[in-house]
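**Student:** Coordinates only, no sequence provided:
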């Protein structure tokens with residue numbers, strides 16, 4: 001079975017503000033590590049990533 005590679009992009013506004021990254025950077029080290037692990041899993045498994053990390057929502061996926 002063929003699986004596609006997935007990537008993570010951090011949103012950057014036209015003004016260069018990266019509020020997602022800033023939010024993650026403001027968290028404690030343990031929370032940052034959990035987010036990094038979840039993003040690694042999302043990159044590896046893409047839409048095949050399931051619970052407890054992601055949930056299928058009406059043709060969309062939500063990272064938890």
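**Tutor:** In hand now; what should we look at? Quantities reported herein were computed from a predicted structural model and do not represent experimental measurements. Numbers count the residues shown, from 1 in each chain.
**Student:** which other residues reach stretch 26-33?
**Tutor:** By C-beta atoms under 8 Å, 6 or more residues apart in numbering, the residues outside stretch 26-33 that reach it are 24, 25, 35. From N, CA and C alone the C-beta is placed, and that goes for glycine too.
**Student:** Among the residues you listed, which lie within helices?
**Tutor:** Judged by DSSP state H, those include 24, 25, 35 as members of helices.
**Student:** Just give the number of residues close to the last one.
**Tutor:** So the one you mean is residue 35. Counted by other C-beta atoms under 10 Å, the residues lying close to residue 35 total 14.
**Student:** Verify the contact between it and residue 25 for me.
**Tutor:** No - here residue 35 lies out of contact with residue 25, judged by C-beta atoms under 8 Å, at a distance of 10.4 Å.
**Student:** Now do the helices in this structure.
**Tutor:** 19-25, 29-45.
**Student:** List the buried residues in stretch 19-33.
**Tutor:** Buried residues in stretch 19-33, defined by neighbour count with 16 or more other C-beta atoms under 10 Å: none.
**Student:** Distance of residue 10 relative to residue 51?
**Tutor:** Distance, residue 10 to residue 51, by C-beta to C-beta, to the nearest Å: 25 Å.
**Student:** let me fix that: residue 14
**Tutor:** Taken as C-beta to C-beta, the span from residue 14 to residue 51 is 36 Å.
**Student:** again, but for residue 41
**Tutor:** Taking C-beta to C-beta, one finds residue 41 at 12 Å from residue 51.
**Student:** So for these two, which sits in the more crowded spot?
**Tutor:** residue 41 (14 against 8).
**Student:** what's near enough to touch the more buried one?
**Tutor:** Shown in contact with residue 41 (C-beta under 8 Å, 6+ apart): 49, 53.
**Student:** On the pLDDT front, check it for me.
**Tutor:** At residue 41, the pLDDT value in this model is 90.
**Student:** Tell me which helix or strand in the protein has the weakest average pLDDT.
**Tutor:** strand 60-63 (a mean of 55; mean pLDDT, DSSP states H and E).
**Student:** How about the contacts made by the residue nearest the centre of the chain?
**Tutor:** The chain has residue 39 as the residue nearest its centroid, 4.1 Å off, counting by C-alpha atoms, centre = their mean. For residue 39, the contact set (C-beta under 8 Å, 6+ apart) comprises residue 8.
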